[in-house]
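Trainee: for reference, the sequence and a predicted model appear below.
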Amino acid sequence: MAAEPPPAGSVRIYRCVAGNGAIALQDAPCDDNHRQQVLDMQRPQDPPPRPPPASSAPAATAPAEREIRIVTAQPPQPLYECIAPDGGRYTSDDGVGNPRWVPLWVGGYYPPPRVGGSVSGSASLGSGRISIEGGRPPSHGHGHRPYPGGPAVATGTWVRDTCHPLPQQEVCARLHDRRWELIRRYNSALQSERQDLTREQRGIEARLARDCAAAP
């Protein structure tokens, strides 16, 4: 008698047990020497296909980071023109003119002392000494002669020449002129002088590259 086919969607397994207890699983009926057990199991099936992912809105693109650069601009180094008392002109990097001594008393006389008093004293100047004496002048006849004053130590103060800044274009022109002057002087300069000329020329060339790069 033929065995009934397995139910739809199932697979039939035959479990065969031998006399010594050995067990075998197979898809065909056992022979007469084995004790048989029929198992109908559900046939494995592939899972249903996964549905396509739902279309989602594109992720917002993060804005690109802006590159920030910090540029520090150094202002050009100024150059000043100074005027000497004789009208001569010279340049200065710091705007401080040359100092000179200007006397305050001119003519070698000091104002006369008060009537009825006297002035005396001395002052040391270097290796010498100056005496100052004064007083009421002697009378001549009736009345008094106007007091002419007396000797005095000249005094004064230090003042500096007046300086004013030059326009940047003029600064660059003068730096170029000074550079060429140093080059001309270098060939005829002594060996001891050439080091100072070279050092000054390097400073001028660095200043030209920094402050006059855009100058014509």
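Mentor: Here it is on my side, so go on.
Trainee: contacting residues around the strand or helix carrying residue 205?
Mentor: Counting by DSSP states H and E, the element that carries residue 205 is helix 191-211. The contact list for helix 191-211, computed with C-beta atoms under 8 Å, 6 or more residues apart in numbering, reads 74, 76-77, 168, 171-172, 175-176, 178-179, 182-183, 185-186, 189. Glycine gets a C-beta too; all of them are placed from N, C-alpha and C.
Trainee: max pairwise distance over the residues you listed: which two?
Mentor: Using C-beta to C-beta, the contacts of helix 191-211 span at most 32.2 Å, a distance reached by 74 and 189.
Trainee: pick out whichever of the two has more residues nearby.
Mentor: Using other C-beta atoms under 10 Å as the criterion, residue 74 and residue 189 rank with residue 189 on top: 15 against 7.
Trainee: quick one on the thing from earlier: put the alpha carbons of the helix holding residue 205 into CSV.
Mentor: Extracted in CSV, the C-alpha atoms of helix 191-211 (Å, rounded to 0.1, in the frame of the first residue of the first chain):
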residue,chain,number,x,y,z
GLN,A,191,87.1,97.6,5.5
SER,A,192,86.1,98.8,9.0
GLU,A,193,83.4,101.1,7.5
ARG,A,194,81.9,98.4,5.2
GLN,A,195,80.3,96.5,8.0
ASP,A,196,78.4,99.6,9.1
LEU,A,197,77.4,100.3,5.5
THR,A,198,76.2,96.7,5.0
ARG,A,199,74.2,96.7,8.2
GLU,A,200,72.5,100.0,7.3
GLN,A,201,71.8,98.8,3.8
ARG,A,202,70.1,95.6,5.1
GLY,A,203,67.9,97.7,7.3
ILE,A,204,66.8,99.9,4.5
GLU,A,205,66.1,97.0,2.1
ALA,A,206,64.0,95.3,4.8
ARG,A,207,62.1,98.6,5.3
LEU,A,208,61.6,99.0,1.5
ALA,A,209,60.2,95.5,1.2
ARG,A,210,57.8,96.0,4.2
ASP,A,211,56.6,99.6,3.7
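Trainee: does residue 162 touch residue 80 like I think?
Mentor: No - the criterion here is C-beta atoms under 8 Å, and residue 162 misses it with residue 80 at 9.8 Å.
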